[in-house]
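# Give me a model of this one.
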Amino acid sequence: MNSRRKIRIAILGAGSILKAHAAGFRRAADRCAVVAVAREHAANTGEVRELFGDVPVDSDWRKTLARDDVDAVDILLPHDLHLPSTVEAARAGKHVMVEKVMARNIHECDQMIKACDKAGVSLAVCHDRRYQPDWMALKQVVDSGLLGHVHLWRLEHNQDVDLPAGSWVRSADRLGGGAVMSCLTHQIDGLRWYAGEVESITCMTQVIPARMEGESIGVVSALMNSGDLAELSINWATRLGCGRPRDLWSEVNHVTGERGEAYYVCGKGTFLALRENPEAAAHLFEGKPPAADAFGKVKPAGPWTGHERCLEQWLRMLQGEPADLNTTGADSRRTVEVAEAADRAAASARVVRLPIQPRPWPRAGSVQVSGIGPTCSSRWRHILRASRRGR
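Here you go, the predicted model:
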């Protein structure tokens, strides 16, 4: 792609994540221009005009893809549309960025990768946590080796997700299951980034029918290829939330090593304690190193948001410049694989070893499930029944 001109971006989808992506494109205004937006209710253009000016807005994302003045697309559509929109974008010769999660399962991920490879366009996924300054600070701590051998990882995601009836997030078919696939993939992706790949996994989930078809709560235990243990959990039924007054955390990443430990808490930062010689980490701390076994705050990696840095690095790559873009389609497929393995483990009450074999996504059925409201496939009826039996 010609690095002397701005990358012309079309945004497909304009939901709640739009503002985060808009901030990224504004920050990189010297590299790109948003030239078109597709949203379901095209007549409601107030927010789009406020963010991007007088750009064309269409209710059909396929029409937006057909535009000749678009080089790349940023896909913010519901998860069940990630596959068809990526395939169509690739056929149209557009580079693709997809908001996490990449797709509903690895079968869909494989089709997306194949389509982009065949068309000769790039495929990246906006797993923004890898680009968030405090998550990056924890990565620097881990990579320094100062913690020694790692014993345990613990990553949590807490949020209150109770959306109105009719929201696509309530549909297991559209979402890709439940909270584990939709949002614990932040923590799964972070775990893979910090600790490497997962060897085997178990999972238990709880469905709250008044909230959504898939699980609202999930607890995952994993054995890493390195031998480390990991515990991940998601709670979509809590009043906690990053950015509001609270007594507890909404996200936490905690690593325990033989020579020390470190943790990140949303809204507070990243902290490190070493059993001995904390001066060895002087370059990591914001101020003077703390005493041995005391926690000190670690310097964040930069003054950006995760979405801002991810999109900037994507644009740098498209312009042929060196870029720190580590959430390619091929890598992000592995995050989906762990989440899908957790789904299979919850459904079967078994330990699931990776890799797993791809399976086509089950078609949405038309059978009404008592107490649920929207229809869901037989696969999700099975999971709901298993959850209600306490499996």
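# remind me which residues of this structure are low pLDDT?
Applying pLDDT under 70 to the chain flags the ranges 1-4, 240-248, 363-391.
# could you redo the last one with a cut-off of 80?
Counting by pLDDT under 80, the chain has low-confidence residues at 1-4, 42-44, 239-249, 363-391.
# Could you give me the buried positions within the longest helix anywhere in it?
Scanning the chain for the helix with the most residues, using DSSP state H, yields helix 329-348. Taking 16 or more other C-beta atoms under 10 Å as the neighbour-count basis, helix 329-348 is seen to contain the buried residues 329, 331-343, 345-347. No exception for glycine: its C-beta is placed from N, CA and C like everyone else's.
# Ok, stretch 264-275 next?
Judged by neighbour count (16+ other C-beta under 10 Å), stretch 264-275 contains these buried residues: Y264, V265, C266, G269, T270, F271, L272, A273, L274.
# Now for the residues you listed: which two are most distant?
The widest separation within the buried residues of stretch 264-275, taken as C-beta to C-beta, falls between C266 and L274 and amounts to 23.3 Å.
# Tell me where the stretch 151-300 of the chain has helices.
Taking DSSP state H, counting those that start in this stretch as the criterion, the stretch 151-300 of the chain carries its helices at 172-175, 179-182, 184-195.
# Nearest to H151, out of those helices?
Taking C-beta to C-beta as the criterion, H151 comes closest to helix 184-195 out of these, the separation being 11.3 Å.
# Other residues contacting that closest one?
100-101, 127, 129-130, 135, 138-139, 142, 150, 153, 155-157, 198, 218, 220, 222, 224, 226, 228, 230, 232-234, 251, 253, 255, 326-327, 332, 334-336, 338-339, 342 (C-beta atoms under 8 Å, 6 or more residues apart in numbering).
# Make a PyMOL selection of the buried ones in these.
Only the buried entries of the contacts of helix 184-195 go into this PyMOL selection, using 16+ other C-beta under 10 Å:
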select buried, resi 100+101+127+129+130+135+138+139+142+150+153+155+156+157+198+218+220+222+224+228+230+232+233+234+251+253+255+327+332+334+335+336+338+339+342
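# Look up how far Q187 lies from the closest residue to K299 other than its chain neighbours.
Using C-beta to C-beta, 6 or more residues apart in numbering and skipping residues adjacent in sequence, the residue nearest K299 is E286, 5.0 Å away. Relative to Q187, E286 is positioned 25 Å away (C-beta to C-beta, to the nearest Å).
# ok, the two, which is more surrounded?
Taking neighbours as other C-beta atoms under 10 Å, E286 and Q187 compare with Q187 leading, 26 against 13.
# show me the contacts for the residue lying closest to the more buried one once chain neighbours are set aside.
Here the nearest residue to Q187 in space, its sequence neighbours aside, is L155; by C-beta to C-beta, 6+ apart that works out to 3.8 Å. Listed by C-beta under 8 Å, 6+ apart, the contact set of L155 reads Q187, G190, L191, A230, E231, L232, S233, E251, V252, N253, H254.
# beta partners for the last one?
Put plainly, it is H254. R154, Y263 (DSSP bridges).
# How many residues are close by it?
Each residue near H254 was counted by other C-beta under 10 Å, and the total is 18.
# start at 31 instead
Sure, I'll start numbering at 31, so the last one becomes H284.
# unless I'm mixing things up, it is touching L302, no?
No: checked against C-beta atoms under 8 Å, the pair H284 and L302 is beyond contact range at 11.5 Å.
# joint contacts of the two?
In terms of C-beta under 8 Å, 6+ apart, H284 and L302 are both contacted by the residues E291, A292.
# now T232: how far from R159?
Distance of T232 to R159, given as C-beta to C-beta: 23 Å.
# Then H187?
Summarising the geometry, the distance separating H187 from R159, computed by C-beta to C-beta, is 10 Å.
# I'd like to check which residues are in contact with the residue nearest to A376 when sequence neighbours are not counted.
By the measure of C-beta to C-beta, 6+ apart, the closest residue to A376 outside its immediate chain neighbours is C233, 4.3 Å from it. For C233, the residues meeting the contact criterion (C-beta under 8 Å, 6+ apart) are V210, G248, V249, V250, S251, A372, D373, A375, A376.
# Tell me the bridge partners for C233.
With DSSP bridges applied, the residues forming beta bridges to C233 are V250.
# With V64 instead?
As for beta bridges, V64 partners with I39 under DSSP bridges.
# Surely it touches P86?
No: counting by C-beta under 8 Å, V64 stays clear of P86, with 10.4 Å between them.
# Could you check which of these two is surrounded by more residues?
Neighbours were tallied for V64 and for P86 using other C-beta under 10 Å; the higher tally belongs to V64 (22 against 16).
# what's the distance between that one and A260?
Between V64 and A260 the distance, using C-beta to C-beta, works out to 38 Å.
# same question, G336
21 Å.
# what sits against the spatially closest residue to A369 that is not a sequence neighbour?
Closest residue to A369 in three dimensions, ignoring its sequence neighbours and counting by C-beta to C-beta, 6+ apart: M211, at 4.6 Å. Listed by C-beta under 8 Å, 6+ apart, the contact set of M211 reads H109, V131, R134, L205, G244, V366, A369, E370, D373.
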